[in-house]
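Colleague: prediction below, plus the sequence it came from.
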Amino acid sequence: MSAAALIAITMTCQSQAAQVLVTSPSQGQTFDAFSSIESRGLHWNARDHMLTAVITYSNKNYESPAAHPHDDTLAFALPGVQYDEGSNVFYVMKNGQRVPVAKFTTVLFGKKIQLLPGAAIYAQQTHGDVSVKLIKGEPDPNRHWIDIY
């Protein structure tokens, strides 16, 4: 077997071993089925030890100038995500191993939670009903928020 083939098989096995899926038990609904994501972010509730994806949908790009825009802010709990305060890393346990998915980063006025390469939030909207999944193993390491309609 060639060295290149061996490296490819090793990398495939490593990426599959690190693949995790966290499905939010939370469900949401937008006011209008014709809306798009206006803002999104991750929030850590230290008291409840819960990571939450917060997404705001807006119909402003789909309404006429005479209509009033409407925003819906939805929160989706991501159970099983843990936080290591010492390293500022959020992770999920899989097969007894920590799989890092996000980290706190410093911004101008505090900190924000940034998804790590290969981690993505999938927000699926079907006729206004919204569901969310956190996946580690996204093939494109630069795609972090993926909207599915």
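Modeller: Right, received. Where do you want to start? Numbers count the residues shown, from 1 in each chain.
Colleague: which residues touch the residue nearest to the spatial centre of the chain?
Modeller: Residue closest to the average C-alpha location in the chain (C-alpha atoms, centre = their mean): Ile121, at 2.4 Å. Taking C-beta atoms under 8 Å, 6 or more residues apart in numbering as the contact definition, Ile121 lies against 40, 42, 53, 115, 132-134, 144-146. For the C-beta atoms, the positions are set from N, CA and C on the backbone; glycine is no exception.
Colleague: can you list the residues you listed in TSV and add secondary structure and pLDDT?
Modeller: Below are these laid out as TSV (DSSP: H, G, I helix; E, B strand; the rest coil; pLDDT from 0 to 100):
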residue	secondary structure	pLDDT
Arg40	strand	96
Leu42	strand	98
Ala53	strand	98
Leu115	strand	97
Val132	strand	97
Lys133	strand	97
Leu134	strand	97
His144	coil	94
Trp145	strand	94
Ile146	strand	93
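Colleague: for PyMOL, what selects the buried ones among those residues?
Modeller: To isolate the buried ones among those in PyMOL, judged by 16 or more other C-beta atoms under 10 Å, type:
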select buried, resi 40+42+53+115+132+133+134+144
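Colleague: which of the contacts of Ile121 sits closest to Val92?
Modeller: Nearest to Val92 among the contacts of Ile121 is Leu134, at 7.9 Å by C-beta to C-beta.
Colleague: pretty sure that closest one contacts Ala119?
Modeller: Yes - between Leu134 and Ala119 there is a contact at 6.9 Å, judged by C-beta atoms under 8 Å.
Colleague: overlap in contacts, these two.
Modeller: Taking C-beta under 8 Å, 6+ apart as the contact rule, Leu134 and Ala119 both touch Val101.
Colleague: distance of Asp48 from Leu116?
Modeller: Noted for Asp48: a distance of 22 Å to Leu116, by C-beta to C-beta, to the nearest Å.
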